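Colleague: Dropping the sequence and predicted coords here.
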Amino acid sequence: MASSWIQIVGTKDTGKTSLLEAVTRELVKRSRTVCYIKHTHEEPTVDDTDTDTARLAAAGATTAILAGASTTTVFRAAGEESLDEVSFREALPGEIILAEGFKDVPGRKIALTGGGLDIGSLKGVVAIVGHPPEGFKGRVFKPNHVAEICDLIEELVATPDDQTWIARLLVDGRELPLNAFVQDVMASTLRGMSSVLREGGADETIEIRCRIARPKDDTPARDPGID
């Protein structure tokens, strides 16, 4: 995956959000871009139901966007979306994604102990913040080891030195794994195509989304010889 997420997991009131705040500040100081995604069991809603955004969402718009001078808030009508899908749409390739929760989703996890969390039931735990369970082989940090935790995150999401582009490909909600060579070829080809369409400088980000122009018609074709 080209946008690399790290899942911060733990039970309620174990300090997940405080740790995420501190880690985000440190990563931003290091000139990294960070996308934060939180899993919630409650349905997000527009607080003020009298707003135009809420009214259009209630009318059936698949996406309702409130765009301000420095902030854009987006509400989408969607079913259960995977972390793959959410991160693909909301994060640029190469951004560090800090995902709070998603305990059952495969991925690299930093787990905060306490609150009865069963560390042994989780897959992909690479580090513990707090007291590690017996036999744990990963890294162990204290909550105030923010710089060291960020060092680990940057290590986990490092891009190979010989890779010139970071690209992702999602097909019908499932990310297809791309090695560094394919990522470079795909992105470089798109850059070459876009360069002949307009004048531009050294592009850093190219975004493209595709879908079939018309839905498939699953109705069997009618035999013109049958009345």
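Modeller: Yep, that arrived.
Colleague: going forward, measure contacts between C-alpha atoms and count neighbours the same way
Modeller: Noted.
Colleague: Please tell me how far the residue most central in space within the chain sits from Pro93.
Modeller: By C-alpha atoms, centre = their mean, the chain has its centre lying nearest to Ser87, at 2.1 Å. Ser87 is 9 Å from Pro93, where distance means C-alpha to C-alpha, to the nearest Å.
Colleague: Same check on Thr24?
Modeller: Using C-alpha to C-alpha, we find Thr24 at a distance of 18 Å from Pro93.
Colleague: quick one: the strands in this protein?
Modeller: In the chain, the strands defined using DSSP state E lie at 4-9, 34-38, 63-67, 72-76, 96-100, 109-112, 125-129, 139-141, 170-171, 174-175.
Colleague: Make CSV from those strands and add distance to Thr205 and mean pLDDT to it.
Modeller: Shown next, in CSV, are those (distance: least, C-alpha to C-alpha, whole Å; pLDDT from 0 to 100):
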stretch, distance to Thr205, mean pLDDT
strand 4-9, 17, 86
strand 34-38, 16, 87
strand 63-67, 21, 80
strand 72-76, 19, 78
strand 96-100, 16, 89
strand 109-112, 28, 93
strand 125-129, 31, 94
strand 139-141, 34, 95
strand 170-171, 17, 82
strand 174-175, 19, 78
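Colleague: and Gly15, which of these is closest to it?
Modeller: Among the strands of the chain, the nearest to Gly15 by C-alpha to C-alpha is strand 109-112 (7.6 Å).
Colleague: residues making contact with the longest helix along the chain?
Modeller: What stands out as the longest helix in the chain, according to DSSP state H, is helix 180-195. Residues from elsewhere that reach helix 180-195 (C-alpha atoms under 8 Å, 6 or more residues apart in numbering): 160, 163-168, 203, 206.
Colleague: Can I get the strands of the chain in TSV including mean neighbour count?
Modeller: Below are the strands of the chain laid out as TSV (neighbours: other C-alpha atoms under 10 Å):
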stretch	mean neighbour count
strand 4-9	24
strand 34-38	17
strand 63-67	14
strand 72-76	12
strand 96-100	22
strand 109-112	26
strand 125-129	22
strand 139-141	16
strand 170-171	12
strand 174-175	14
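Colleague: State the distance from Ser195 to Ile206.
Modeller: Ser195 is 11 Å from Ile206, where distance means C-alpha to C-alpha.
Colleague: cool, and Ser70?
Modeller: For Ser70, the distance to Ile206 (C-alpha to C-alpha) stands at 22 Å.
Colleague: ok, now Pro177?
Modeller: The value you get for Pro177 to Ile206, if C-alpha to C-alpha is used, is 19 Å.
Colleague: Write the ChimeraX selection for whichever of the contacts of helix 180-195 are buried.
Modeller: The following ChimeraX line selects those of the contacts of helix 180-195 that are buried, judged by 16 or more other C-alpha atoms under 10 Å:
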select :165,166,167,168
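Colleague: Lowest-confidence entry in the contacts of helix 180-195?
Modeller: Lowest pLDDT of those: Asp203, 62.
Colleague: and Ile153, what does it touch?
Modeller: Ile6 are the contacts of Ile153 under C-alpha under 8 Å, 6+ apart.
Colleague: do the same with the one 10 residues further on
Modeller: Contacts here follow C-alpha under 8 Å, 6+ apart; on that basis Gln163 touches 180-181, 184.
Colleague: buried subset of the residues you listed?
Modeller: Judged by 16+ other C-alpha under 10 Å, buried ones among the contacts of Gln163: 180, 184.
Colleague: mind putting the contacts of Gln163 in TSV, pLDDT and distance to Thr63 included?
Modeller: Putting the contacts of Gln163 into TSV (pLDDT from 0 to 100; distance: C-alpha to C-alpha, whole Å) gives the following:
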residue	pLDDT	distance to Thr63
Ala180	85	33
Phe181	88	35
Asp184	88	32
